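[1] Dropping a prediction and its sequence here:
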There are 2 protein chains.
Amino acid sequence: MSEPAPESPGPGSSDPRTPVGADVRVARVSPWRTTATREVYRNPWITVREDQVVRPDGSPGIYGVVSTSHAVGVVALTDADEVVLIGQWRYTLEAYSWEIVEGGTDAGEAPAEAAVRELAEEAGYAAATWSVLVEDLALSNSVTDERATIYLARDLTPVPTSPDPTEVLERRTVSLDALLDEIDRGLITDAITIVAAAALDRRLRR
Amino acid sequence: MSEPAPESPGPGSSDPRTPVGADVRVARVSPWRTTATREVYRNPWITVREDQVVRPDGSPGIYGVVSTSHAVGVVALTDADEVVLIGQWRYTLEAYSWEIVEGGTDAGEAPAEAAVRELAEEAGYAAATWSVLVEDLALSNSVTDERATIYLARDLTPVPTSPDPTEVLERRTVSLDALLDEIDRGLITDAITIVAAAALDRRLRR
(Lines give C-alpha, C1' and ligand atoms only; values in the text may rest on other atoms or scores of the structure.)
Protein backbone atom coordinates (compact mmCIF):
# COMPACT_ATOMS: atom_id res chain seq x y z
CA MET A 1 0.00 0.00 0.00
CA SER A 2 1.35 3.39 -0.95
CA GLU A 3 0.16 5.19 2.15
CA PRO A 4 -0.13 3.07 5.28
CA ALA A 5 -2.53 4.44 7.89
CA PRO A 6 -0.85 6.56 10.55
CA GLU A 7 -1.47 5.37 14.08
CA SER A 8 -4.45 7.16 15.56
CA PRO A 9 -4.27 8.19 19.22
CA GLY A 10 -6.74 5.59 20.43
CA PRO A 11 -8.25 4.81 23.79
CA GLY A 12 -5.61 4.16 26.41
CA SER A 13 -3.28 6.83 25.10
CA SER A 14 -2.20 9.07 27.95
CA ASP A 15 -0.53 11.69 25.79
CA PRO A 16 -2.52 14.92 25.63
CA ARG A 17 -3.09 16.13 22.09
CA THR A 18 -0.70 18.64 20.66
CA PRO A 19 -2.28 22.09 20.90
CA VAL A 20 -3.73 23.20 17.54
CA GLY A 21 -5.13 26.69 17.39
CA ALA A 22 -6.48 28.57 20.35
CA ASP A 23 -9.16 26.28 21.67
CA VAL A 24 -9.84 23.59 19.07
CA ARG A 25 -7.85 20.70 20.47
CA VAL A 26 -5.64 21.84 23.31
CA ALA A 27 -4.05 19.48 25.80
CA ARG A 28 -6.71 18.29 28.22
CA VAL A 29 -7.12 15.66 30.88
CA SER A 30 -10.20 13.60 31.58
CA PRO A 31 -12.67 15.17 34.01
CA TRP A 32 -13.94 11.62 34.71
CA ARG A 33 -12.39 9.24 37.22
CA THR A 34 -12.72 5.46 36.91
CA THR A 35 -12.74 3.67 40.27
CA ALA A 36 -13.57 0.12 39.15
CA THR A 37 -14.37 -1.82 35.98
CA ARG A 38 -15.89 -5.19 35.15
CA GLU A 39 -16.62 -6.99 31.91
CA VAL A 40 -20.35 -7.71 31.62
CA TYR A 41 -20.51 -9.30 28.14
CA ARG A 42 -18.17 -10.56 25.46
CA ASN A 43 -18.60 -12.25 22.10
CA PRO A 44 -16.13 -12.53 19.21
CA TRP A 45 -17.11 -9.07 17.93
CA ILE A 46 -17.84 -6.85 20.94
CA THR A 47 -16.95 -6.49 24.60
CA VAL A 48 -19.14 -4.59 27.05
CA ARG A 49 -17.74 -3.29 30.32
CA GLU A 50 -19.35 -1.37 33.14
CA ASP A 51 -17.14 1.17 34.88
CA GLN A 52 -17.77 2.72 38.28
CA VAL A 53 -17.03 6.39 37.72
CA VAL A 54 -16.85 9.76 39.39
CA ARG A 55 -18.49 12.14 36.95
CA PRO A 56 -17.15 15.55 35.95
CA ASP A 57 -19.41 17.18 38.56
CA GLY A 58 -18.06 14.89 41.31
CA SER A 59 -21.12 12.66 41.56
CA PRO A 60 -20.72 8.84 41.48
CA GLY A 61 -22.18 6.82 38.63
CA ILE A 62 -21.65 4.05 36.11
CA TYR A 63 -20.61 4.08 32.45
CA GLY A 64 -21.25 1.15 30.10
CA VAL A 65 -18.75 1.08 27.24
CA VAL A 66 -19.06 -1.12 24.15
CA SER A 67 -15.67 -1.99 22.62
CA THR A 68 -15.29 -3.07 19.02
CA SER A 69 -12.44 -3.67 16.60
CA HIS A 70 -11.17 -0.75 14.54
CA ALA A 71 -13.56 -0.24 11.60
CA VAL A 72 -12.41 0.40 8.05
CA GLY A 73 -14.21 1.80 5.04
CA VAL A 74 -12.88 1.62 1.47
CA VAL A 75 -13.98 3.89 -1.36
CA ALA A 76 -13.14 1.64 -4.31
CA LEU A 77 -13.03 3.91 -7.35
CA THR A 78 -13.21 2.19 -10.72
CA ASP A 79 -11.39 3.35 -13.85
CA ALA A 80 -14.73 4.92 -14.86
CA ASP A 81 -14.59 6.98 -11.63
CA GLU A 82 -17.48 5.06 -10.11
CA VAL A 83 -17.72 3.98 -6.48
CA VAL A 84 -18.33 0.32 -5.66
CA LEU A 85 -21.32 -0.12 -3.35
CA ILE A 86 -22.11 -3.25 -1.38
CA GLY A 87 -25.70 -4.12 -0.49
CA GLN A 88 -26.55 -6.26 2.51
CA TRP A 89 -29.18 -6.80 5.16
CA ARG A 90 -28.14 -5.17 8.43
CA TYR A 91 -29.35 -7.41 11.24
CA THR A 92 -29.13 -4.66 13.87
CA LEU A 93 -31.38 -2.28 11.93
CA GLU A 94 -33.70 -4.85 10.37
CA ALA A 95 -33.14 -3.06 7.09
CA TYR A 96 -31.28 -3.40 3.80
CA SER A 97 -28.31 -1.07 3.44
CA TRP A 98 -26.08 0.03 0.52
CA GLU A 99 -22.61 0.99 1.73
CA ILE A 100 -19.02 1.33 0.61
CA VAL A 101 -16.77 -1.64 1.39
CA GLU A 102 -16.60 -1.89 5.19
CA GLY A 103 -15.36 -4.19 7.87
CA GLY A 104 -13.36 -4.44 11.05
CA THR A 105 -9.82 -5.43 11.87
CA ASP A 106 -9.17 -9.02 12.81
CA ALA A 107 -7.02 -9.72 15.87
CA GLY A 108 -3.51 -8.39 15.29
CA GLU A 109 -4.46 -6.85 11.95
CA ALA A 110 -3.68 -3.19 11.15
CA PRO A 111 -6.49 -1.07 9.67
CA ALA A 112 -4.64 -0.78 6.35
CA GLU A 113 -4.39 -4.57 6.15
CA ALA A 114 -8.08 -4.96 6.95
CA ALA A 115 -8.88 -2.51 4.16
CA VAL A 116 -6.99 -4.63 1.62
CA ARG A 117 -8.69 -7.81 2.87
CA GLU A 118 -12.21 -6.34 2.89
CA LEU A 119 -11.78 -4.87 -0.60
CA ALA A 120 -10.93 -8.35 -1.88
CA GLU A 121 -13.60 -10.17 0.15
CA GLU A 122 -16.51 -7.84 -0.45
CA ALA A 123 -15.81 -6.18 -3.79
CA GLY A 124 -13.48 -8.69 -5.44
CA TYR A 125 -10.75 -6.15 -6.13
CA ALA A 126 -7.11 -5.47 -5.36
CA ALA A 127 -5.98 -1.84 -5.61
CA ALA A 128 -2.60 -0.55 -6.78
CA THR A 129 -3.07 2.95 -5.35
CA TRP A 130 -4.20 3.66 -1.79
CA SER A 131 -4.61 6.83 0.22
CA VAL A 132 -6.22 7.74 3.52
CA LEU A 133 -9.45 9.66 2.99
CA VAL A 134 -10.57 10.03 6.64
CA GLU A 135 -8.01 9.10 9.25
CA ASP A 136 -10.12 8.99 12.39
CA LEU A 137 -13.91 8.84 12.57
CA ALA A 138 -15.74 8.29 15.87
CA LEU A 139 -19.00 6.58 15.03
CA SER A 140 -21.03 6.44 18.22
CA ASN A 141 -18.99 8.09 20.93
CA SER A 142 -21.55 8.19 23.73
CA VAL A 143 -21.79 4.39 23.80
CA THR A 144 -18.89 2.77 21.90
CA ASP A 145 -15.17 3.30 21.42
CA GLU A 146 -15.56 2.44 17.73
CA ARG A 147 -13.22 4.37 15.45
CA ALA A 148 -13.01 4.06 11.70
CA THR A 149 -10.38 4.85 9.07
CA ILE A 150 -11.60 5.39 5.52
CA TYR A 151 -9.35 4.69 2.53
CA LEU A 152 -9.51 5.60 -1.14
CA ALA A 153 -8.52 2.66 -3.37
CA ARG A 154 -7.80 3.14 -7.08
CA ASP A 155 -6.30 1.25 -10.01
CA LEU A 156 -8.43 -1.80 -9.27
CA THR A 157 -7.87 -5.30 -10.62
CA PRO A 158 -10.27 -8.22 -10.08
CA VAL A 159 -9.44 -10.93 -7.55
CA PRO A 160 -11.62 -13.86 -6.43
CA THR A 161 -14.20 -12.84 -3.79
CA SER A 162 -14.49 -14.79 -0.58
CA PRO A 163 -17.21 -13.16 1.50
CA ASP A 164 -17.67 -13.86 5.18
CA PRO A 165 -20.26 -16.65 5.64
CA THR A 166 -22.44 -14.23 7.62
CA GLU A 167 -22.76 -11.99 4.58
CA VAL A 168 -24.87 -12.23 1.44
CA LEU A 169 -23.79 -9.33 -0.67
CA GLU A 170 -24.87 -7.49 -3.81
CA ARG A 171 -22.62 -5.12 -5.71
CA ARG A 172 -23.19 -2.12 -7.95
CA THR A 173 -21.22 0.95 -8.99
CA VAL A 174 -22.37 4.57 -9.01
CA SER A 175 -20.83 7.90 -9.88
CA LEU A 176 -20.00 10.16 -6.94
CA ASP A 177 -22.77 12.53 -8.03
CA ALA A 178 -25.30 9.70 -8.03
CA LEU A 179 -24.04 8.54 -4.63
CA LEU A 180 -24.42 12.05 -3.17
CA ASP A 181 -27.91 12.21 -4.68
CA GLU A 182 -28.90 8.91 -3.06
CA ILE A 183 -27.61 10.26 0.26
CA ASP A 184 -29.58 13.49 -0.16
CA ARG A 185 -32.71 11.45 -0.84
CA GLY A 186 -32.25 9.35 2.30
CA LEU A 187 -31.69 6.13 0.37
CA ILE A 188 -28.29 5.62 1.97
CA THR A 189 -28.12 5.97 5.75
CA ASP A 190 -24.79 4.40 6.71
CA ALA A 191 -22.54 6.90 8.51
CA ILE A 192 -19.20 5.64 7.16
CA THR A 193 -20.54 5.78 3.59
CA ILE A 194 -21.91 9.32 3.99
CA VAL A 195 -18.69 10.63 5.58
CA ALA A 196 -16.65 8.93 2.83
CA ALA A 197 -18.72 10.45 0.02
CA ALA A 198 -18.49 13.91 1.57
CA ALA A 199 -14.72 13.59 2.03
CA LEU A 200 -14.18 12.42 -1.54
CA ASP A 201 -16.36 15.25 -2.83
CA ARG A 202 -14.33 17.78 -0.82
CA ARG A 203 -11.04 16.33 -2.07
CA LEU A 204 -12.10 16.36 -5.73
CA ARG A 205 -13.41 19.93 -5.51
CA ARG A 206 -10.17 21.28 -4.01
CA MET B 1 -41.57 23.34 15.63
CA SER B 2 -42.24 24.12 12.04
CA GLU B 3 -41.26 20.69 10.70
CA PRO B 4 -41.74 17.76 13.05
CA ALA B 5 -39.59 14.74 12.22
CA PRO B 6 -41.33 12.14 10.06
CA GLU B 7 -41.47 8.68 11.52
CA SER B 8 -38.49 6.67 10.36
CA PRO B 9 -38.99 2.98 9.57
CA GLY B 10 -37.17 1.72 12.63
CA PRO B 11 -36.26 -1.73 13.87
CA GLY B 12 -39.31 -3.89 14.33
CA SER B 13 -41.03 -2.56 11.24
CA SER B 14 -42.19 -5.44 9.10
CA ASP B 15 -43.16 -3.34 6.08
CA PRO B 16 -40.79 -3.79 3.17
CA ARG B 17 -39.51 -0.53 1.75
CA THR B 18 -41.29 0.98 -1.19
CA PRO B 19 -39.30 0.20 -4.32
CA VAL B 20 -37.24 3.21 -5.44
CA GLY B 21 -35.34 2.83 -8.68
CA ALA B 22 -34.18 -0.44 -10.08
CA ASP B 23 -32.08 -1.86 -7.29
CA VAL B 24 -31.45 0.89 -4.76
CA ARG B 25 -33.98 0.03 -2.10
CA VAL B 26 -36.40 -2.58 -3.32
CA ALA B 27 -38.66 -4.60 -1.04
CA ARG B 28 -36.59 -7.21 0.74
CA VAL B 29 -36.93 -9.60 3.62
CA SER B 30 -34.30 -10.52 6.16
CA PRO B 31 -32.03 -13.41 5.18
CA TRP B 32 -31.37 -13.92 8.92
CA ARG B 33 -33.59 -15.98 11.22
CA THR B 34 -33.72 -15.35 14.97
CA THR B 35 -34.45 -18.49 17.00
CA ALA B 36 -33.94 -17.16 20.54
CA THR B 37 -32.97 -13.96 22.32
CA ARG B 38 -31.82 -13.03 25.80
CA GLU B 39 -30.86 -9.74 27.44
CA VAL B 40 -27.27 -9.89 28.67
CA TYR B 41 -26.82 -6.33 30.01
CA ARG B 42 -28.87 -3.24 30.70
CA ASN B 43 -28.20 0.17 32.18
CA PRO B 44 -30.23 3.39 31.88
CA TRP B 45 -28.60 4.19 28.51
CA ILE B 46 -28.04 0.91 26.67
CA THR B 47 -29.38 -2.62 26.44
CA VAL B 48 -27.35 -5.52 25.08
CA ARG B 49 -29.02 -8.68 23.84
CA GLU B 50 -27.61 -11.86 22.39
CA ASP B 51 -29.68 -13.53 19.69
CA GLN B 52 -29.37 -17.11 18.52
CA VAL B 53 -29.50 -16.82 14.75
CA VAL B 54 -29.46 -18.76 11.53
CA ARG B 55 -27.18 -16.80 9.24
CA PRO B 56 -27.90 -15.95 5.60
CA ASP B 57 -25.84 -18.98 4.52
CA GLY B 58 -27.87 -21.30 6.80
CA SER B 59 -25.21 -21.74 9.46
CA PRO B 60 -26.10 -21.25 13.16
CA GLY B 61 -24.53 -18.44 15.17
CA ILE B 62 -25.06 -15.62 17.62
CA TYR B 63 -25.52 -11.87 17.16
CA GLY B 64 -24.95 -9.36 19.96
CA VAL B 65 -27.00 -6.19 19.44
CA VAL B 66 -26.54 -2.98 21.42
CA SER B 67 -29.74 -0.93 21.66
CA THR B 68 -29.73 2.77 22.40
CA SER B 69 -32.24 5.59 22.40
CA HIS B 70 -32.78 7.53 19.17
CA ALA B 71 -29.95 10.05 18.80
CA VAL B 72 -30.47 13.65 17.73
CA GLY B 73 -28.07 16.26 16.39
CA VAL B 74 -28.87 19.95 16.10
CA VAL B 75 -27.07 22.38 13.82
CA ALA B 76 -27.76 25.62 15.69
CA LEU B 77 -27.12 28.42 13.20
CA THR B 78 -26.68 31.90 14.68
CA ASP B 79 -27.85 35.12 13.02
CA ALA B 80 -24.20 35.51 11.88
CA ASP B 81 -24.53 32.14 10.08
CA GLU B 82 -22.19 30.43 12.50
CA VAL B 83 -22.65 26.92 13.88
CA VAL B 84 -22.67 26.38 17.66
CA LEU B 85 -20.13 23.73 18.69
CA ILE B 86 -20.07 21.99 22.05
CA GLY B 87 -16.79 20.71 23.50
CA GLN B 88 -16.68 17.86 25.95
CA TRP B 89 -14.57 14.94 27.08
CA ARG B 90 -15.85 11.69 25.56
CA TYR B 91 -15.39 8.98 28.16
CA THR B 92 -15.62 6.14 25.63
CA LEU B 93 -12.81 7.53 23.46
CA GLU B 94 -10.64 9.00 26.22
CA ALA B 95 -10.47 12.14 24.11
CA TYR B 96 -11.84 15.65 23.93
CA SER B 97 -14.40 16.20 21.16
CA TRP B 98 -15.99 19.26 19.55
CA GLU B 99 -19.45 18.46 18.18
CA ILE B 100 -22.76 20.00 17.25
CA VAL B 101 -25.48 19.83 19.89
CA GLU B 102 -26.24 16.13 20.39
CA GLY B 103 -28.17 13.87 22.68
CA GLY B 104 -30.61 11.02 22.88
CA THR B 105 -34.34 10.79 23.40
CA ASP B 106 -35.61 10.30 26.93
CA ALA B 107 -38.27 7.63 27.52
CA GLY B 108 -41.44 8.56 25.64
CA GLU B 109 -39.82 11.57 24.01
CA ALA B 110 -39.96 12.13 20.24
CA PRO B 111 -36.69 12.99 18.45
CA ALA B 112 -37.99 16.49 17.63
CA GLU B 113 -38.71 17.08 21.33
CA ALA B 114 -35.27 15.83 22.31
CA ALA B 115 -33.74 18.25 19.79
CA VAL B 116 -35.51 21.21 21.42
CA ARG B 117 -34.45 20.06 24.89
CA GLU B 118 -30.81 19.42 23.96
CA LEU B 119 -30.53 22.77 22.18
CA ALA B 120 -31.63 24.50 25.39
CA GLU B 121 -29.56 22.31 27.74
CA GLU B 122 -26.30 22.27 25.82
CA ALA B 123 -26.28 25.50 23.82
CA GLY B 124 -28.64 27.68 25.83
CA TYR B 125 -30.89 28.48 22.90
CA ALA B 126 -34.46 28.15 21.75
CA ALA B 127 -35.05 28.20 17.98
CA ALA B 128 -38.01 29.71 16.13
CA THR B 129 -37.28 27.89 12.85
CA TRP B 130 -36.62 24.16 12.58
CA SER B 131 -36.09 21.82 9.68
CA VAL B 132 -34.89 18.25 9.25
CA LEU B 133 -31.36 18.16 7.77
CA VAL B 134 -30.78 14.37 7.86
CA GLU B 135 -33.78 12.22 8.60
CA ASP B 136 -32.19 8.85 9.26
CA LEU B 137 -28.52 8.18 9.97
CA ALA B 138 -27.30 4.72 11.03
CA LEU B 139 -24.21 5.29 13.14
CA SER B 140 -22.70 1.88 13.80
CA ASN B 141 -24.88 -0.68 12.10
CA SER B 142 -22.78 -3.79 12.59
CA VAL B 143 -23.08 -3.54 16.38
CA THR B 144 -25.84 -1.11 17.39
CA ASP B 145 -29.35 -0.19 16.29
CA GLU B 146 -28.54 3.48 16.91
CA ARG B 147 -30.21 5.87 14.50
CA ALA B 148 -29.93 9.62 14.50
CA THR B 149 -31.99 12.49 13.13
CA ILE B 150 -30.21 15.79 12.50
CA TYR B 151 -32.07 19.10 12.63
CA LEU B 152 -31.26 22.62 11.50
CA ALA B 153 -32.29 25.22 14.08
CA ARG B 154 -32.38 28.92 13.23
CA ASP B 155 -33.66 32.20 14.64
CA LEU B 156 -32.12 31.48 18.02
CA THR B 157 -32.94 33.24 21.28
CA PRO B 158 -31.05 32.65 24.55
CA VAL B 159 -32.59 30.53 27.30
CA PRO B 160 -31.03 29.40 30.59
CA THR B 161 -28.73 26.36 30.15
CA SER B 162 -29.20 23.34 32.38
CA PRO B 163 -26.63 20.76 31.31
CA ASP B 164 -26.80 17.14 32.34
CA PRO B 165 -24.72 16.60 35.51
CA THR B 166 -22.55 14.11 33.59
CA GLU B 167 -21.48 16.86 31.20
CA VAL B 168 -18.98 19.70 31.53
CA LEU B 169 -19.34 21.65 28.34
CA GLU B 170 -17.57 24.42 26.45
CA ARG B 171 -19.17 26.37 23.64
CA ARG B 172 -17.89 28.22 20.59
CA THR B 173 -19.26 29.21 17.19
CA VAL B 174 -17.62 28.72 13.79
CA SER B 175 -18.55 29.49 10.22
CA LEU B 176 -19.51 26.49 8.08
CA ASP B 177 -16.30 26.96 6.07
CA ALA B 178 -14.22 26.88 9.24
CA LEU B 179 -16.11 23.81 10.45
CA LEU B 180 -15.47 21.99 7.17
CA ASP B 181 -11.81 22.99 7.39
CA GLU B 182 -11.52 21.58 10.93
CA ILE B 183 -13.10 18.34 9.66
CA ASP B 184 -10.66 18.19 6.71
CA ARG B 185 -7.76 18.64 9.15
CA GLY B 186 -8.97 15.80 11.38
CA LEU B 187 -9.68 18.08 14.34
CA ILE B 188 -13.32 17.01 14.45
CA THR B 189 -13.98 13.27 14.37
CA ASP B 190 -17.61 12.93 15.50
CA ALA B 191 -19.74 11.22 12.85
CA ILE B 192 -22.98 13.12 13.49
CA THR B 193 -21.13 16.45 13.28
CA ILE B 194 -19.36 15.53 10.03
CA VAL B 195 -22.57 14.28 8.39
CA ALA B 196 -24.40 17.41 9.56
CA ALA B 197 -21.75 19.76 8.15
CA ALA B 198 -21.75 17.94 4.82
CA ALA B 199 -25.55 18.01 4.61
CA LEU B 200 -25.72 21.73 5.42
CA ASP B 201 -23.00 22.43 2.85
CA ARG B 202 -24.96 20.46 0.21
CA ARG B 203 -28.18 22.27 1.08
CA LEU B 204 -26.60 25.73 0.90
CA ARG B 205 -24.86 25.00 -2.41
CA ARG B 206 -28.06 23.83 -4.11
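    Arrived safely, thanks for sending.
[2] now residue A:113: how far from chain B?
    Counting by CB to the nearest CB, to the nearest Å, the gap from residue A:113 to chain B is 18 Å. Where you see a C-beta, it was placed from the backbone N, CA and C, and this is true even at glycine.
[3] now residue A:152: how far from residue A:181?
    Taking CB to CB, to the nearest Å as the criterion, residue A:152 is separated from residue A:181 by 20 Å.
[4] Among those two, which residue is more densely surrounded?
    residue A:152 (23 against 14; other CB atoms under 10 Å in any protein chain shown).
[5] Tell me what the more buried one is bridged to.
    residue A:75, residue A:131 (DSSP bridges).
[6] Contacts only, for it.
    A:74-75, A:77, A:130-133, A:200, A:203 (CB atoms under 8 Å, 6 or more residues apart in numbering or on different chains).
[7] Looking at those residues, which is nearest residue B:49?
    If you rank those by distance to residue B:49 using CB to CB, residue A:74 comes first, at 30.0 Å.
[8] contacting residues for that closest one?
    Taking CB under 8 Å, 6+ apart as the definition of contact, the neighbours of residue A:74 are A:100-102, A:115, A:118-119, A:123, A:150-153.
[9] Return the subset of those lying in strands.
    Among the contacts of residue A:74, the subset assigned to strands under DSSP state E consists of A:101-102, A:150-153.
[10] Now tabulate those residues in CSV and tack on distance to residue A:110.
    Rendered in CSV, the data for those read as follows (distance: CB to CB, whole Å):
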residue, distance to residue A:110
A:101, 17
A:102, 16
A:150, 15
A:151, 12
A:152, 17
A:153, 16
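[11] Nearest to residue B:109 among the residues you listed?
    Out of the ones in strands among the contacts of residue A:74, the one with the shortest distance to residue B:109 is residue A:102. That distance is 31.1 Å, counting by CB to CB.
[12] Quickly list what the closest one is bridged to.
    Here residue A:102 shows beta-bridge partners residue A:73, assigned using DSSP bridges.
[13] Of the contacts of residue A:152, which is the nearest to residue A:168?
    Taking CB to CB as the measure, residue A:168 sits nearest to residue A:74 out of the contacts of residue A:152, at 19.3 Å.
[14] And the closest one, how close does it get to residue B:32?
    Counting by CB to CB, the gap between residue A:74 and residue B:32 amounts to 24 Å.
[15] Okay, helices next: where are they in chain A?
    Assignment of helices within chain A using DSSP state H yields the ranges A:111-118, A:176-184, A:191-205.
[16] For the shortest one, name the packing helices and strands.
    When contacts are defined as 3 or more CB pairs under 8 Å, 6 or more residues apart in numbering or on different chains; DSSP states H and E, helix A:111-118 packs onto strand A:71-76, strand A:101-104, strand A:125-138, strand A:147-158.
[17] That helix relative to strand A:147-158, how many degrees between them?
    Counting by axes from the mean of the first three to the mean of the last three CA atoms, to 10 degrees, helix A:111-118 lies at 40 degrees to strand A:147-158.
[18] now helix A:111-118 and strand A:125-138, what's the angle there?
    Here helix A:111-118 runs at an angle of 130 degrees relative to strand A:125-138 (the same axes, to 10 degrees).
[19] right, and the pair among the ones in strands among the contacts of residue A:74 with maximum separation?
    A:102 and A:152 (14.0 Å).
[20] residues near residue A:203, how many?
    Residue A:203 sits with 12 neighbouring residues when counted by other CB under 10 Å.
[21] For it, which residues are in contact?
    Residue A:203 sits in contact with A:133, A:152, where contact means CB under 8 Å, 6+ apart.
[22] picking that back up, got CSV for the helices of chain A, with mean pLDDT and distance to residue A:84 too?
    As requested, those are arranged in CSV below (pLDDT from 0 to 100; distance: least, CB to CB, whole Å):
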stretch, mean pLDDT, distance to residue A:84
helix A:111-118, 98, 11
helix A:176-184, 98, 10
helix A:191-205, 97, 11
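[23] Quick one: closest of those to residue A:168.
    With respect to residue A:168, and counting by CB to CB, the nearest of the helices of chain A is helix A:111-118 at 15.8 Å.
[24] Name the residues that touch that closest one?
    A:1, A:4-5, A:70, A:72, A:74, A:101-106, A:109, A:126-127, A:130, A:149, A:151, A:153.
[25] What of stretch A:55-68?
    The contact list for stretch A:55-68 (CB under 8 Å, 6+ apart) reads A:31-32, A:40, A:45-54, A:104, A:143-146, B:41, B:43, B:45-46, B:48, B:66, B:89, B:91-92, B:140, B:142-144, B:165-168.
[26] pLDDT of that stretch, averaged?
    For stretch A:55-68, mean pLDDT rounds to 95.
[27] In chain A, where is pLDDT below threshold?
    Judged against pLDDT under 70, the low-scoring parts of chain A cover residues A:1-27, A:163-167.
[28] residue of it with the smallest distance to chain B?
    The nearest approach of chain A to chain B comes at residue A:198, 3.5 Å away (CB to the nearest CB).
[29] what residues go with each domain of chain A?
    For chain A, the structural domains run A:33-67, A:71-205, going by automatic domain parsing.
[30] Give me the distance from the longest one to the chain's centre.
    So that's domain A:71-205. With CA atoms, centre = their mean, to the nearest Å as the basis, domain A:71-205 stands 8 Å off its chain's centre.
[31] Over to the first one?
    Domain A:33-67 has its average C-alpha position 22 Å from the chain's average C-alpha position, going by CA atoms, centre = their mean.
[32] Alright, I will stop here.
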